[in-house]
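Colleague: return atomic coordinates for the entry below.
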Amino acid sequence: MLADSYAFLSLSEQSRLIRSGELSPVALVELYLRRIDRYNDKLKAFITVAAGSAMESARRAEGEIAAGEYRGPLHGIPVAVKDQMQIDGMRVTGGSRIYADHVGTYDATVVARLREAGAVLLGTLNCHEFQVGPTRNFPFGTPRNPWNLERDPGVSSSGSASSLAAGLVSAALGGDTGGSNRGPAAACGVVGLKPTWSRVSRHGVFPFLWTHDCVGPLARTVEDAAHVLKVIAGRDPLDPTTSSEPVPDYLGAMGDSALSGVRVGVVEELVSDPTSQDAIDAMRAAFGVLAAKGAELIDVSLPLTRETRFVSQALTKPEAVGYHRRNLQERYEEFDYNTRVGFMVGAVLPAGLASSAQRARVVIARQVTDALKSVDVLVGSCTAGGAPLITQRQPITTKKEALEKIYGEKKGQGQYTRIFSMAGVPAMSVPAGFDRDGMPLGLQIAGRYFDEATVLRVGHAFQLATDWHGRTPPLA
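Modeller: Below you'll find the predicted structure:
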């Protein structure tokens, strides 16, 4: 029986041990299944656990590797995906009671590519309903943060981040529309990557906002994230929005830990109010590490960062209503309270407002791309601070409450992540310390279109000089 310490090895180290024959995929899957059985009732990280098919896949992978048919770094590695990606023969709910009994009839492209790479699928991970958030009443249990069960694990790839931090899986996939990979990754102390829009197929993935939605990896290390991205990225004929841009060798591009010649733009708005002093201090220390690695630090301003909160709602809500219109008409009461109220706002927004929001998005995106002409990456905090307490969200009853909850200045992770989603550029959160309550903090790194390689290079160099990603939560 494997010791629990194997559950926290990086995917890269597990892969090396599996290839050399020192680690059995079957034993590794058994270890994760035991840990899921032990901890998931508290964490509510998984919605569906596919124990039977996972063990079958692990035995097959072990046989293939023993026969010399090694497929690559993900062969025999246990992974799980956010419960928004179709899986043939498995329940996929979108985190909603509306699809509580829905069983997939095909694999989403990203799931198919994981299987082709030899990965072992452990199941589906909890999330906010249809990736919208904030969900008020989770039909499969409220997901919790393994660093403190009274704290939020982030919106909306909640289970993807918490399962990794708690040692229930080697890597995970999440969906990021405005920060849904990066925010939970920061809150739980793992790596979360949003690739360039169109880099990864969304075929078979429940949509939220077609013009923003991205699928990306969550992992313990930047190197692990690079392995997963290499497998899932690339043109997909089933998704006409995917780019034909070649997928590079991410691992080769990361190189060693030196950052000589790399220009790092420190975004003023991501290290100022309402950012907590703990987060600001952690970011300043992180910038010092990058400078010590040889990077040139340059102050940058993205003045429209906070204004994205006004643009976001006019973009997301009308598109979401378009996809869910029939269920809203026929099964309105089955949606979570917050989801249906948000969707109804989208249903009554004037068309002219949505058009204005699209024009505003272009201006916001231009601000990001212009800044990236003079620097290689942009950096700052991924959130205002450590994960907040889980609270029972009350129904909105007045116009004042609606304005505050929808547009409030200190509204969670979106204030720090949305601007890069609107620009469509790659962005990643890397563990960068803890606040005074012992909750993780994340350094956000964003780069130019299709230049995930540089984003990964900077994050990898930071991790080689720090050990934040190696810490494990009390629950573990």
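Colleague: can you pull out the helices in the stretch 1-150 of the chain?
Modeller: Using DSSP state H, counting those that start in this stretch, the helices of the stretch 1-150 of the chain run over residues 11-20, 25-43, 51-66, 109-116.
Colleague: which SSE is the residue nearest to A465 when sequence neighbours are not counted in?
Modeller: In this structure, A465 finds its nearest non-sequential neighbour in V289, 5.1 Å apart by Cβ to Cβ, 6 or more residues apart in numbering. Where C-beta positions appear, they are placed from N, C-alpha and C, glycine not excepted. Assigning secondary structure by DSSP states H and E places V289 in helix 277-292.
Colleague: how long is stretch 444-453 end to end?
Modeller: From its first residue to its last, stretch 444-453 covers 15 Å (Cα to Cα, to the nearest Å).
Colleague: average pLDDT for it?
Modeller: In this model, stretch 444-453 has an average pLDDT of 98.
Colleague: now stretch 221-232
Modeller: Mean pLDDT, computed over stretch 221-232, is 98.
Colleague: most distant residue from the centre of the chain?
Modeller: A67 (35.1 Å; Cα atoms, centre = their mean).
Colleague: mind listing what that residue touches?
Modeller: Neighbour list for A67: empty [criterion: Cβ atoms under 8 Å, 6 or more residues apart in numbering].
Colleague: how about the helices in the stretch 351-476 of the chain?
Modeller: Under DSSP H, counting those that start in this stretch, the stretch 351-476 of the chain gives helices at 351-371, 399-407, 414-423, 452-464.
Colleague: burial-wise, tell me which of those comes out on top.
Modeller: Compared across those, helix 414-423 shows the largest average neighbour count, a mean of 27 (mean count of other Cβ atoms under 10 Å).
Colleague: please state the offset of it from the chain centre?
Modeller: Put simply, helix 414-423 sits 13 Å off its chain's centre (Cα atoms, centre = their mean, to the nearest Å).
Colleague: quick check, pLDDT for V311.
Modeller: pLDDT, V311: 93.
Colleague: distance of S356 from G178?
Modeller: Shown here: S356 relative to G178, a distance of 18 Å by Cβ to Cβ, to the nearest Å.
Colleague: give me the pLDDT for the residue farthest from the centre of the chain.
Modeller: 98.
Colleague: A446 contacts P426, correct?
Modeller: Yes: taking contacts as Cβ atoms under 8 Å, A446 lies within contact range of P426: 6.7 Å.
Colleague: list the buried residues for stretch 49-67?
Modeller: By 16 or more other Cβ atoms under 10 Å, the buried positions in stretch 49-67 come out as V49, A50, A54, M55, S57, A58, A61, E62, E64, I65.
Colleague: please name the spatially closest residue to the fourth one (chain neighbours excluded).
Modeller: The reference is to M55. Closest to M55 by Cβ to Cβ, 6+ apart is V29, at 6.1 Å.
Colleague: what angle do the longest helix along the chain and helix 414-423 make?
Modeller: Secondary structure of the chain per DSSP state H: the longest helix is helix 308-330. Counting by axes from the mean of the first three to the mean of the last three Cα atoms, to 10 degrees, helix 308-330 lies at 80 degrees to helix 414-423.
Colleague: just to revisit the earlier point, overlap in contacts, A446 and P426.
Modeller: Here A446 and P426 have F420, V455 as joint contacts, going by Cβ under 8 Å, 6+ apart.
Colleague: out of the helices of the stretch 1-150 of the chain, which is closest to E333?
Modeller: Of all those, it is helix 25-43 that lies closest to E333, at 28.2 Å by Cβ to Cβ.
Colleague: average pLDDT for that closest one?
Modeller: Here helix 25-43 scores 98 as its mean pLDDT.
Colleague: which residues touch that helix?
Modeller: Contacts for helix 25-43 (Cβ under 8 Å, 6+ apart): 1-2, 4, 6-7, 14, 18, 45-46, 49, 51, 54-55, 57-59, 61-62, 65, 75-78, 120, 122, 143-144, 146, 149, 159, 162-163, 166-170, 475.
Colleague: now that helix: buried residues?
Modeller: Per 16+ other Cβ under 10 Å, helix 25-43 contains these buried residues: 25-26, 28-33, 35-36, 39-40, 43.
Colleague: what's the answer for stretch 129-148, then?
Modeller: Of all the residues in stretch 129-148, those buried under the rule 16+ other Cβ under 10 Å are 129-136, 138-148.
Colleague: pLDDT below threshold where in this protein?
Modeller: Along the chain, segments meeting pLDDT under 70 span 393-396, 399, 401-413.
Colleague: thinking again about what came up before, what's the closest of the buried residues of helix 25-43 to G234?
Modeller: Nearest to G234 out of those is P25 (Cβ to Cβ; 25.2 Å).
Colleague: now that closest one: closest residue in space that isn't a chain neighbour?
Modeller: Closest to P25 by Cβ to Cβ, 6+ apart is G76, at 3.3 Å.
Colleague: shouldn't the one you found be in contact with I18?
Modeller: Yes: with contact defined as Cβ under 8 Å, G76 reaches I18; the gap is 4.7 Å.
Colleague: before we move on, the earlier item: need the helices of the stretch 1-150 of the chain in a markdown table (columns: distance to Q329).
Modeller: What follows is those, written out as a markdown table (distance: least, Cβ to Cβ, whole Å):
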| stretch | distance to Q329 |
| --- | --- |
| helix 11-20 | 44 |
| helix 25-43 | 35 |
| helix 51-66 | 36 |
| helix 109-116 | 30 |
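Colleague: looking at these, which is nearest to T308?
Modeller: Closest to T308 of the helices of the stretch 1-150 of the chain, according to Cβ to Cβ: helix 109-116, at 26.7 Å.
Colleague: and the closest one, how far from the chain's centre?
Modeller: Here helix 109-116 is found 18 Å from its chain centre; the criterion is Cα atoms, centre = their mean.
Colleague: which elements pack onto that helix?
Modeller: On a contact count with 3 or more Cβ pairs under 8 Å, 6 or more residues apart in numbering; DSSP states H and E, helix 109-116 meets strand 78-82, strand 120-125, helix 222-232.
Colleague: ok, S160 - contacts?
Modeller: Counting by Cβ under 8 Å, 6+ apart, S160 has contacts A80, V81, K82, L125, C127, A172, L173, G174, N181, P184, G192, L218.
Colleague: test my guess that the fifth one contacts M85.
Modeller: No: using Cβ under 8 Å as the test, C127 is too far from M85 to be in contact (10.3 Å).
Colleague: more neighbours: which of these two?
Modeller: C127 (32 against 27; other Cβ atoms under 10 Å).
Colleague: look up how far L251 lies from the more buried one.
Modeller: 29 Å.
Colleague: do R326 as well
Modeller: Plainly put, R326 is 44 Å away from L251 if you go by Cβ to Cβ.
Colleague: now do A45
Modeller: The gap separating A45 from L251 is 28 Å, by Cβ to Cβ.
Colleague: quick one on the thing from earlier: overlap in contacts of G76 and I18?
Modeller: Counting by Cβ under 8 Å, 6+ apart, the residues touching both G76 and I18 are P25, L28, I65.
Colleague: tabulate the residues you listed (CSV), appending distance to E334.
Modeller: Compiled in CSV, these are given as follows (distance: Cβ to Cβ, whole Å):
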residue, distance to E334
P25, 39
L28, 38
I65, 45
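Colleague: how about the most centrally placed residue in the chain, nearest residue that isn't a chain neighbour?
Modeller: The C-alpha lying nearest the average C-alpha coordinate of the chain belongs to N181 (Cα atoms, centre = their mean; 1.6 Å). Once flanking residues are discounted, N181 sits nearest to G192: 3.9 Å by Cβ to Cβ, 6+ apart.
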